[in-house]
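K.L.:
Sequence first, then the predicted structure:
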Amino acid sequence: MEEELHTIKAGIAANDQKAFGQLFALFYKRLYRFSLSILRIPELANEVVEDVFLKLWSNRSGLSAINNLSVYLYVAVKNQSLNKLSLKANEWISSGLDEMMMNVVAVDNDPYTQMITGEMLNKVNRAIEELPPRCKMIFKLVREDGLKYKEVAAILNISVNTIDVQMATAVKRISESLGIAKNIPVHPFSKKIKKS
């Protein structure tokens, strides 16, 4: 994938819209899910990802200075999401909680969430959702987005060791939820983590 990204990056820097479309197709869904895990509002997550891609295209001449495009995109989405969250928080404080409650209801009525079937899948998803926020975000970046520990560490500005500990915690908690925790070895660092 690194070779493919290098080719795409070179194409975008040379004003190739097709290469830009390839990058968008490759990363949009993953970046959207990542932003949604921070913002919890689909429309805002979509805006964030589109803004990041727009800025990338506008500043395409400087792409050669970016070493790891994947990490760059995730960090940009994280920063933009946090900025958006801060702006939204200020709006909610000034306009009351009505809008926030409507958005929460909209997320709960997401057709994808309602259509998930299968008891095991429901249990796994429930277990993932019950993970502490940082642990859940790390788990999803590694398992769903296929990022390496090193990349996740760079995106979230934490150590690889922390990623390792959080992943061990996630696997243990999910296994406990499914009733198969006896078969999961205790991670050497897991004692450092407080149980919530």
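P.N.:
Ah, there it is.

K.L.:
Would you mind giving me the confidence score for F139?
P.N.:
F139 is assigned a predicted lDDT (pLDDT) of 90.

K.L.:
How about residues contacting the helix or strand where it lies?
P.N.:
Here F139 sits within helix 133-143, counting by DSSP states H and E. The set of residues external to helix 133-143 that reach it, using Cβ atoms under 8 Å, 6 or more residues apart in numbering, is 33-34, 37-38, 74, 128-129, 131, 147, 149, 152, 155-156, 163, 166-167, 169-170, 173. C-beta here means a position set from N, CA and C on the backbone, and glycine is covered the same way.

K.L.:
Repeat that for stretch 61-70.
P.N.:
Counting by Cβ under 8 Å, 6+ apart, stretch 61-70 makes contact with L5, I8, K9, I12, A13, L23, F27, L56, Y72, L147, E151, A154, all of which sit outside it.

K.L.:
Let's see that with 6 Å instead.
P.N.:
Taking Cβ atoms under 6 Å, 6 or more residues apart in numbering as the criterion, the residues outside stretch 61-70 that touch it are L5, K9, I12, A13, Y72.

K.L.:
among the contacts of helix 133-143, which are in helices?
P.N.:
Secondary structure assignment (DSSP state H) places 33-34, 37-38, 74, 128-129, 149, 152, 155-156, 163, 166-167, 169-170, 173 from the contacts of helix 133-143 within helices.

K.L.:
Point to the residue nearest the middle of this protein.
P.N.:
Per Cα atoms, centre = their mean, the C-alpha nearest to the average position across the chain is that of F34, at 2.2 Å.

K.L.:
and the angle for the helix holding F139 with helix 149-156?
P.N.:
Relative orientation of helix 133-143 and helix 149-156, computed by axes from the mean of the first three to the mean of the last three Cα atoms, to 10 degrees: 130 degrees.
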